[in-house]
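Chemist: Predicted model and sequence follow; I will ask about them next.
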Amino acid sequence: MKNSLILLVCLCSLIMASTYHGQTIGTKINTPFGTIRTISVLADDRIFAGTQSDGLFYSPDYGVTWINLTFPQNETGRVYKTNTGDLYVAAGMKGIYRNKNEAGVWDYVGFQDVKMGDMFESAIGNLIIHVSSYNSAVYSSVYTFYLSKDNGMSWKYIPSQFSESLALCFAKQPSGEIFIGTTKGVYKSTTGEYWTYCHPGSIYSIAIRSDGMIYIGLENELRTSSDDGANWSVFTFTQSPFEIEQIFRDTHDNMYVETSNISTSFLYKNSKSSNTWNLIGELNGHNGNSFANNMRINSLGDIFYLDSGSLYKISRTITAVHAEENIIPQQSTLYQNYPNPFNPTTTLKFAIPVGTMWGDVPTTLKVYDVLGREVVTLVNEEKAPGNYEVKFDGTNLASGVYFCQLQAGGFVDTKKIMLLK
């Protein structure tokens, strides 16, 4: 009976794939390196490529040009940037390296002969990493978690009920609480030391909207929770027999789901105000033996993914959803500039919410040097609620690190920007 069901699923998958006549999306990006293992997109839209044997590369311009960074190892993997500005890079079985404040010096911080999976940061700044090592006695990989309270200087093993499960995905609430999806279910934690079990099953993907709505994928079923994982509802998604591989969101809280079978991968989009999933298209690049993976999206809506060791890009920029930018922001925000590093100009974007008594908000946007001296005032006026962007020209400035600070009413935030000439 089981074999008959498997055959039926395969036949349905082949029929759906063969009768699909929609658009194929995803353009292969030409890169100066060989097999790519991981793709990481940082908050400032820099793309980092971890390679099989060619070292570490990054692109400051959406994958058009690539820069080879000096790095101690040839095999590289995931890249993570902490809130304090430190970069962490996995180096295969050679461990993990840290670049403090992106100063250019890579320090080995541990984990020889293990591979790092995801790294994430708790609400109080603790670092949690998921590592794996091959155990010949059981002919399988063993997965464990470690925590650091001192920015990677020392690491502590986290004994827990999921210490030997595979962490397939993770996401963070706006409050900073961490949710991880594993082969044993969903767990959540505020500090990273103590975890609460909140959903069973093998969780293939997890994503969280800015309003706290949690999405998880269980094979061919989506579930959501609006109360921090206490209760879950089935979100109708009738794309069976295709399995849900990934869920992610863009900066406008539109949700995306990738589904696949053995030979075909599709991408669907759900707008925040709708319960309907619309097919964007069939993903280019599949070869019948793999599916698109490691999907990442930047602030403009460009989607990057890997397939068979190559990098692909789906160009879906913010201009496609300009109408959503008219929505009044719910909170003050200073976004990371783009490009960063820049030469000589860059764009600074910020959002102003409804002010006191529905009035305009006194707003300043200033740039300072590393000594705290004011370089230029870009904005100094009352701003109505809305989204804004300002150009900053560093033609007459020396190369180096600068700081952009937004003050809007009682809100203050600062972003580090870098001018490279």
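Modeler: Perfect, I can see it now. Numbers count the residues shown, from 1 in each chain.

Chemist: how about Met93, phi and psi?
Modeler: Note on Met93: backbone dihedrals following degrees, to the nearest 10 are phi -80, psi 0.

Chemist: tell me the contacts of it?
Modeler: 75, 112-115 (Cβ atoms under 8 Å, 6 or more residues apart in numbering). In this view, the C-beta of every residue, glycine as well, is placed from N, C-alpha and C.

Chemist: what's the answer for Thr224, then?
Modeler: Applying Cβ under 8 Å, 6+ apart to Thr224 gives the contacts 213-216, 232-233, 235.

Chemist: what distance separates the start and the end of stretch 108-115?
Modeler: 14 Å (Cα to Cα, to the nearest Å).

Chemist: where's it relative to the chain centroid, distance-wise?
Modeler: 23 Å (Cα atoms, centre = their mean, to the nearest Å).

Chemist: Quick one: the contacts of Thr224 as JSON lines, columns for pLDDT and secondary structure too.
Modeler: Below are those laid out as JSON lines (pLDDT from 0 to 100; DSSP: H, G, I helix; E, B strand; the rest coil):
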{"residue": "Met213", "pLDDT": "91", "secondary structure": "coil"}
{"residue": "Ile214", "pLDDT": "94", "secondary structure": "strand"}
{"residue": "Tyr215", "pLDDT": "93", "secondary structure": "strand"}
{"residue": "Ile216", "pLDDT": "93", "secondary structure": "strand"}
{"residue": "Trp232", "pLDDT": "94", "secondary structure": "coil"}
{"residue": "Ser233", "pLDDT": "90", "secondary structure": "strand"}
{"residue": "Phe235", "pLDDT": "77", "secondary structure": "strand"}
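
Chemist: Of those residues, keep whichever come out buried.
Modeler: Neighbour-count burial (16 or more other Cβ atoms under 10 Å) is assigned, among the contacts of Thr224, to 213-216, 232, 235.

Chemist: just to revisit the earlier point, now the contacts of Met93 in CSV, with distance to Asn294, pLDDT and neighbour count?
Modeler: Formatted as CSV, the contacts of Met93 follow (distance: Cβ to Cβ, whole Å; pLDDT from 0 to 100; neighbours: other Cβ atoms under 10 Å):
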residue, distance to Asn294, pLDDT, neighbour count
Glu75, 16, 92, 19
Gln112, 25, 76, 10
Asp113, 24, 72, 11
Val114, 20, 72, 23
Lys115, 15, 74, 22
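
Chemist: can you pull out the helices in the stretch 1-150 of the chain?
Modeler: Applying DSSP state H, counting those that start in this stretch to the stretch 1-150 of the chain gives helices spanning 2-19.

Chemist: And the strands in the stretch 101-250 of the chain, which stretches?
Modeler: With strands called from DSSP state E, counting those that start in this stretch, the stretch 101-250 of the chain shows them at 106-110, 115-121, 127-135, 140-148, 156-157, 167-172, 178-182, 185-189, 196-199, 205-208, 214-218, 221-225, 233-235, 243-249.

Chemist: Just list the residues touching the nearest residue to Arg223 once chain neighbours are set aside, thanks.
Modeler: Distances taken as Cβ to Cβ, 6 or more residues apart in numbering place Trp232 nearest to Arg223, at 4.7 Å, with adjacent residues excluded. By Cβ under 8 Å, 6+ apart, the residues touching Trp232 are 199, 216, 223-225.

Chemist: for Leu283, same thing?
Modeler: 24-26, 258, 265-267, 291-292, 305, 307, 312.

Chemist: looking at the sheet around Phe304, what are its partners?
Modeler: Beta-bridge pairing for Phe304 (DSSP bridges): Arg296, Lys313.

Chemist: isn't it right up against Ser40?
Modeler: No: the criterion here is Cβ atoms under 8 Å, and Phe304 misses it with Ser40 at 9.6 Å.

Chemist: where does the stretch 301-421 of the chain dip in pLDDT?
Modeler: Scanning the stretch 301-421 of the chain for pLDDT under 70 picks out 316-330, 354-360.

Chemist: what's the neighbour count on Gln408?
Modeler: To be clear, residue 408 is Ala; Gln isn't right here. Other residues near Ala408 come to 23 when the count uses other Cβ atoms under 10 Å.

Chemist: for it, what are its contacts?
Modeler: 332, 350, 352, 361-363, 383.

Chemist: how about CSV for those, with distance to Val79 added?
Modeler: Formatted as CSV, those follow (distance: Cβ to Cβ, whole Å):
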residue, distance to Val79
Ser332, 28
Phe350, 26
Ile352, 32
Val361, 36
Pro362, 38
Thr363, 33
Lys383, 35
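
Chemist: Now list the buried members of those residues.
Modeler: Buried by 16+ other Cβ under 10 Å: 332, 350, 352, 361, 363, 383, out of the contacts of Ala408.

Chemist: of all the residues you listed, which comes closest to Gly285?
Modeler: Checking those against Gly285 by Cβ to Cβ gives Phe350 as the nearest, at 36.5 Å.

Chemist: Now do stretch 40-57: distance from first to last residue.
Modeler: Chord length of stretch 40-57, first to last residue, is 11 Å (Cα to Cα).

Chemist: Use 188 as the first number from now on
Modeler: Got it, the first residue is 188 from now on, which makes the last one we talked about stretch 227-244.

Chemist: before we move on, back to that, spatially, which two of the contacts of Trp419 are the most separated?
Modeler: Greatest spacing in the contacts of Trp419, by Cβ to Cβ: His386 and Thr411 (11.0 Å).

Chemist: between the two, what contacts are shared?
Modeler: By Cβ under 8 Å, 6+ apart, His386 and Thr411 have these common neighbours: 403, 419.

Chemist: Would you format the strands of the stretch 288-437 of the chain as TSV with distance to Gly597 included?
Modeler: Listed next are the strands of the stretch 288-437 of the chain as TSV, based on distance: least, Cβ to Cβ, whole Å:
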stretch	distance to Gly597
strand 293-297	38
strand 302-308	26
strand 314-322	30
strand 327-335	33
strand 343-344	37
strand 354-359	25
strand 365-369	28
strand 372-376	30
strand 383-386	34
strand 392-395	26
strand 401-405	30
strand 408-412	32
strand 420-422	37
strand 430-436	28
